[in-house]
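*Asks:* missing the sequence, but the structure's below:
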């Protein structure tokens, strides 16, 4: 079942290729290889992958997150639909992968799923990441219907006690309910998208729960469980956050 979901997700990615997008993709990679071999600078083609940050705002106060800690060195805000559509118009001929997240929580943007639909109308593969707190039954259904291809849900613990040590202000049970709503919506609507990834960032506080989160992911019915290393921005937190093993 996991392999079947992975293959379907891969095919969804391939289906977003047009002849020009494929040509552009090969051109970029060829120029990179040529640059490595000749040790000279070549850059041909245009970006086949683009990242758009829907918003910088977040509902959590994660320890090492610039958004959560309010330490961004740029102005907070959310992208307008007008600017978003202008960007897509400029890239749609050559771009076939759109990454829609960075520092903020995408589902806090009131037009987020509308933006996903706009990209899908242009046959672009769309991926995003969420802390999972806004996946109500209604939003879960709308997410599935939007055509979103891949959704990463962050869950760095198998219970509230462990989870909240890093995800300050988070609610473990709410995320579990959100994942259940999403998996249920996919079944009810007979859809395979989005490809759901349960992401577990390993810290010293949860490194003993890796095996258990894999079991949890299987129980919840997600498509994949990803174990990720921590990114530490503040040296003061290295000893307290980095895993021992």
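*Replies:* Received, thanks. Keep in mind that this is a model prediction, so the values were computed, not measured.
*Asks:* what mean pLDDT does the longest strand along the chain have?
*Replies:* Assignment by DSSP state E gives strand 195-202 as the longest strand of the chain. Average pLDDT, strand 195-202: 95.
*Asks:* with stretch 13-33 instead?
*Replies:* Stretch 13-33 carries an average pLDDT of 96.
*Asks:* please apply the same query to stretch 209-223.
*Replies:* 95.
*Asks:* I'd like the distance from the helix ranked longest in the chain to the chain centre, please.
*Replies:* Longest among the helix segments of the chain by residue count, using DSSP state H, is helix 19-38. Computed by CA atoms, centre = their mean, to the nearest Å, the chain-centroid distance of helix 19-38 equals 26 Å.
*Asks:* who touches the very next helix or strand once past it?
*Replies:* Moving toward the C-terminus from helix 19-38, the next helix or strand (DSSP states H and E) is strand 49-51. Residues from elsewhere that reach strand 49-51 (CB atoms under 8 Å, 6 or more residues apart in numbering): 87, 91, 95-102. From N, CA and C alone the C-beta is placed, and that goes for glycine too.
*Asks:* which SSE is the closest residue to residue 136 other than its chain neighbours in?
*Replies:* Nearest residue to residue 136, sequence neighbours excluded (CB to CB, 6 or more residues apart in numbering): residue 181, at 6.6 Å. Using DSSP H and E, residue 181 maps to helix 172-188.
*Asks:* helices and strands around that helix, which ones?
*Replies:* helix 137-146, strand 150-154, helix 160-163, strand 195-202, helix 210-220 (3 or more CB pairs under 8 Å, 6 or more residues apart in numbering; DSSP states H and E).
*Asks:* residue farthest from the centroid of this protein?
*Replies:* Distance from the C-alpha centroid of the chain, by CA atoms, centre = their mean, peaks at residue 38 (35.5 Å).
*Asks:* how close does that one sit to residue 27?
*Replies:* With distances taken as CB to CB, to the nearest Å, residue 38 is found 16 Å from residue 27.
*Asks:* quick revisit: what angle sits between the helix holding residue 181 and strand 150-154?
*Replies:* Per axes from the mean of the first three to the mean of the last three CA atoms, to 10 degrees, the angle that helix 172-188 makes with strand 150-154 is 160 degrees.
*Asks:* now the angle between strand 195-202 and helix 172-188, please.
*Replies:* Counting by the same axes, to 10 degrees, helix 172-188 points 160 degrees away from the direction of strand 195-202.
*Asks:* mind listing what's buried in helix 172-188?
*Replies:* Judged by neighbour count (16 or more other CB atoms under 10 Å), helix 172-188 contains these buried residues: 172, 174-179, 181-183, 185-186.
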